[in-house]
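Engineer: Provided below are the primary sequence and the corresponding predicted coordinates.
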Amino acid sequence: MTEMKNTFSRRTFNKTVAVVGAGAALGVTPIVSQAAWPEAAFDAETIEGVLQSLYGVAEAIPSDAINVKGPDIAENGAVVPVSIKADIPNADSVALLVAKNPAPLASSFDLANPGMVSVGTRIKMGETSELIALVRAEGKVYTATSKEVKVTIGGCGG
Amino acid sequence: MAIKSKAKVKGDMVEVKVLMKHVMETGLRKDKKTGEPIPAHHISEVVCSHNGAEIFRCNMGPAISKNPYLSFSVAGPIAGDTLQLTSLDNQGNTDSGETVIK
């Protein structure tokens, strides 16, 4: 575990240096919206790493108010429909993770106006795995795990 | 290339469905003939704006399927309003579209 965490921070560090260096060399300021893309979180190889770099917390609070859903069996891992619904007041950010993908974070969603959380998309899954939803509200991060989605043919190519 | 989208009032929220065309290359695959890795090429963000203000943002990683589909609910806009959608990929390409809420 410790070793994985170390790898993660080193990778992030190197990336940051590379990005800053490239920007400085070209004499351009990175576009604001591009800088907002949470690269470190998408590169993180552990769920803890995603939590830390996306929301800056070490642990998420399990919650029954979140419903993360995928099919029982995904015949084609390249296209797996998933959805997250959450009844948490003032939720402002949601993240979708696939526990066993090489990089668990599939996507994150930012909501400007509080309301009922309801998002859906189609994702790639490398192997049979659980889906994890993270929902941030009022500075706290809540989490829920789906039942296992069985993947017959992996979707990561190779 | 344009972003296809539909938006409909559902209760006190507006449900938006979006379909985009993109290869969504993960960067993990190799070219079968040459064995060279295929560089990652994926949409990194999709932004939905209403009256010039950003109301929803999706940050995407390469694990989103090819030709991404996205659905989400937003609070605020009402029927008849126009929603703007824009996307940006990791190679700097942008795309946009808009839809009138039904």
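Structural biologist: On my side now, so go ahead.

Engineer: Relative to chain A, which residue of chain B is the closest?
Structural biologist: B:A75 (3.5 Å; CB to the nearest CB). Any C-beta I mention is one placed from the backbone N, CA and C, and that applies to glycine too.

Engineer: Please name the residues that touch that residue.
Structural biologist: A:N113, A:P114, A:G115, A:M116, B:D12, B:M13, B:V14 (CB atoms under 8 Å, 6 or more residues apart in numbering or on different chains).

Engineer: what bridges to the residue nearest the centre of chain B?
Structural biologist: Centroid check for chain B by CA atoms, centre = their mean gives B:V46 as the closest residue, at 4.2 Å. In this structure, B:V46 bridges to B:C58, B:S87 when assessed by DSSP bridges.

Engineer: so which helix or strand takes in residue 49?
Structural biologist: Because you didn't say which chain, this covers chain A. Applying DSSP states H and E as the criterion places A:G49 in helix A:47-50.

Engineer: nope, chain B please
Structural biologist: Assigned by DSSP H and E, B:S49 falls in strand B:43-50.

Engineer: Not counting that strand itself, show me its contacts.
Structural biologist: With contacts defined as CB under 8 Å, 6+ apart, strand B:43-50 is touched by A:33-34, A:36-37, B:3, B:16, B:18, B:20, B:22, B:24, B:54-60, B:64, B:68, B:70, B:72, B:74, B:76-77, B:81-90.

Engineer: List only buried entries from the residues you listed.
Structural biologist: Among those, the ones that count as buried by 16 or more other CB atoms under 10 Å in any protein chain shown are A:37, B:3, B:16, B:18, B:20, B:22, B:24, B:55-60, B:64, B:68, B:70, B:72, B:74, B:76-77, B:83-90.

Engineer: Could I get the pLDDT score of the residue nearest to the centre of chain B?
Structural biologist: pLDDT, B:V46: 95.

Engineer: For it, give its distance to A:K100.
Structural biologist: For B:V46, the distance to A:K100 (CB to CB, to the nearest Å) stands at 25 Å.

Engineer: A:A41 belongs to a helix, doesn't it?
Structural biologist: Yes: when DSSP: H, G, I helix; E, B strand; the rest coil is applied, A:A41 is found to be in a helix.

Engineer: contacting residues around it?
Structural biologist: A:G49, A:V50, A:S53, A:L54, A:A95, A:L105, A:S108.

Engineer: Kindly report the same for B:K4.
Structural biologist: Shown in contact with B:K4 (CB under 8 Å, 6+ apart): B:V18, B:L19, B:M20, B:G97.
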